[in-house]
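Novice: need a 3D model of the following:
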Amino acid sequence: MSVRDDGSTNRPEPPHGPVDRSTLRRWRRRLADEHAEAAVYRDLAARRTGEDREILLAIAQAEERHAAHWQQLLGDQVGRLGRGSLRIRLLAVLARRFGSVFVLALAQRSESRSPYRTDPEATPAMAADERIHEEVLRGLAARGRARVSGTFRAAVFGANDGLVSNLALVLGVAGAGVDTTSVLLTGLAGLLSGALSMGAGEYVSVRSQRELLSASSPVTSDASQVLPNLDLDENELALVMRARGMAEDEARRRARALLSTYDPAEPVPAGIDEDEHEAVGTGLGAAASSFSFFAVGAAVPVLPFVVGFTGPAALVAAVALVGVALMATGATVGILSGGPPLRRALRQLLIGAGAAATTYGLGLTLGAVLD
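Specialist: Coordinates of the predicted model:
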């Protein structure tokens, strides 16, 4: 519902005359979906505090206003309502059990698919609400992505590398014509060595990145102690801001404002952007995530050999399992990034298939040469 300039609203009038069954079914479906979506946002809000909670509750209230629109259109023909679409019911289950950034990303995609832009009985205000909800959820999901991006990046890279590299290793060795036991031992060795290498590499990478961020801090804690002694007219602090890329006039204005309002009881922060550090993650967290997910991914192509498969059957099973796992990894990245899950899944599958086919071909070639 929206308000016109004259103070009246565009709340719909109940239909006059008979309404066909298909229209009634559509209105009831819209009503059930709105009730279900409001419940999803309330479940998400229950797991949050502060501003995030207030935002989610406000979205829930908007969904209830939309429900009132369809309620009034139906009048006394509401009948028995369903539980909402399968997509929204799944979202509700995930919201109750997890309440994570994954659910926010799914909710964002759900809002982007709102039918109100083309529904003749939906008001322009309702369509605008849904479009804005998509952007609000994008912002909330972005906060969550920033908090988990360091560990998530290590997990995705670890799982993907484990799947692709160990499948390529197993297929390459198998293509060379070695026996099943040797293939299994090679796969297990690849799992352990790769997981250790990934974990160590992630630890060094993240620690180095955090140290670089700290070294790039605009104002160190020692430098902040001399701020009260700076000459307000000379304003050396402006040089610091100009060195960080700020225009001269803007740097002077901000520096003078900072010095004129400086309170010794509240020292200037060191300047390290904690959000940047949070996005990078911790060295140990990234290392543990990368090690664990690489090991899990690398175990997939070895599983058929562990359970007793041999020969071509083991290779086909390994390729199939890795293909499913790669598509699941790609789809997850797509959902969390707000992109199309199927496209991301197919991309991961094609990359893995290309690497595996290449090493298998090399294995066949080497096997033929060595024979």
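Novice: residue 50 and residue 42, how far apart?
Specialist: As defined by C-beta to C-beta, to the nearest Å, residue 50 lies at a distance of 16 Å from residue 42. Backbone N, C-alpha and C define where each C-beta goes, glycine included.
Novice: neighbour-wise, which of these two wins?
Specialist: Looking at residue 50 and residue 42 with other C-beta atoms under 10 Å, you find the greater number of neighbours at residue 42, namely 17 against 7.
Novice: how much space is there between the nearest residue to the more buried one once chain neighbours are set aside and residue 247?
Specialist: Distances taken as C-beta to C-beta, 6 or more residues apart in numbering place residue 60 nearest to residue 42, at 4.9 Å, with adjacent residues excluded. Between residue 60 and residue 247 the computed distance is 44 Å (C-beta to C-beta).
Novice: looking at the two, which has the bigger crowd around it?
Specialist: Taking neighbours as other C-beta under 10 Å, residue 60 and residue 247 compare with residue 60 leading, 18 against 10.
Novice: which ones are touching that one?
Specialist: 37-39, 41-42, 45 (C-beta atoms under 8 Å, 6 or more residues apart in numbering).
Novice: helices - which of these land there?
Specialist: 37-39, 41-42, 45 (DSSP state H).
Novice: please enumerate the helices of the stretch 51-200 of the chain.
Specialist: Listed in chain order, the helices of the stretch 51-200 of the chain (DSSP state H, counting those that start in this stretch) span 86-97, 101-112, 124-175, 180-215.
Novice: out of those helices, which gets nearest to residue 360?
Specialist: Across the helices of the stretch 51-200 of the chain, the minimum distance to residue 360, taken as C-beta to C-beta, is reached by helix 124-175, at 4.0 Å.
Novice: residue 345 is nearest to which of the helices of the stretch 51-200 of the chain?
Specialist: Minimum separation from residue 345 across these (C-beta to C-beta) falls at helix 124-175, 12.0 Å.
Novice: pLDDT of the closest one, averaged?
Specialist: Confidence over helix 124-175, taken as the mean pLDDT, stands at 79.
Novice: same for that helix, what does it pack against?
Specialist: Helices and strands touching helix 124-175, as assessed by 3 or more C-beta pairs under 8 Å, 6 or more residues apart in numbering; DSSP states H and E, comprise helix 50-74, helix 101-112, helix 180-215, helix 274-280, helix 283-299, helix 311-337, helix 341-370.
Novice: tell me the buried residues in the third one?
Specialist: Going by neighbour count (16 or more other C-beta atoms under 10 Å), the buried part of helix 180-215 is 183-184, 186-188, 190-191, 194-195, 198-199, 201-203, 205-207, 209-210, 213.
Novice: what bits of the stretch 201-350 of the chain have low per-residue confidence?
Specialist: Screening the stretch 201-350 of the chain residue by residue with the criterion pLDDT under 70, one finds the ranges 206, 208-237, 240-241, 244, 259-283, 335-339.
Novice: got a markdown table for the ones in helices among the contacts of residue 60, with pLDDT too?
Specialist: Putting the ones in helices among the contacts of residue 60 into a markdown table (pLDDT from 0 to 100) gives the following:
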| residue | pLDDT |
| --- | --- |
| 37 | 88 |
| 38 | 90 |
| 39 | 88 |
| 41 | 89 |
| 42 | 89 |
| 45 | 87 |
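Novice: break the chain into its domains for me.
Specialist: For the chain, the structural domains run 21-145, 148-213+282-370, 218-271, going by automatic domain parsing.
Novice: measure the residue nearest to residue 42 to residue 84 for me?
Specialist: Distance, residue 60 to residue 84, using C-beta to C-beta: 14 Å.
Novice: kindly report the same for residue 185.
Specialist: Residue 185 sits 52 Å away from residue 84, taking C-beta to C-beta as the criterion.
Novice: close enough to count as contact, residue 205 and residue 287?
Specialist: No - between residue 205 and residue 287 there is no contact, the gap being 9.2 Å when judged by C-beta atoms under 8 Å.
Novice: spatially nearest residue to residue 340 (excluding sequence neighbours)?
Specialist: In space, residue 340 comes closest to residue 334 once its chain neighbours are excluded; the distance is 5.8 Å by C-beta to C-beta, 6+ apart.
Novice: next one: residue 178
Specialist: Of all residues not flanking residue 178 in the chain, residue 186 sits nearest, at 7.8 Å (C-beta to C-beta, 6+ apart).
Novice: could you do residue 24 as well?
Specialist: In space, not counting the residues next to it along the chain, residue 24 is nearest to residue 77; the distance is 6.0 Å by C-beta to C-beta, 6+ apart.
Novice: that neighbour: neighbour count?
Specialist: If we define neighbours as other C-beta under 10 Å, then residue 77 has 13 of them.
Novice: what's the spacing between it and residue 126?
Specialist: Here residue 77 is placed at a distance of 20 Å from residue 126 (C-beta to C-beta).
Novice: how about residue 133?
Specialist: Taking C-beta to C-beta as the measure, residue 133 falls 11 Å from residue 126.
Novice: appreciated, that's everything.
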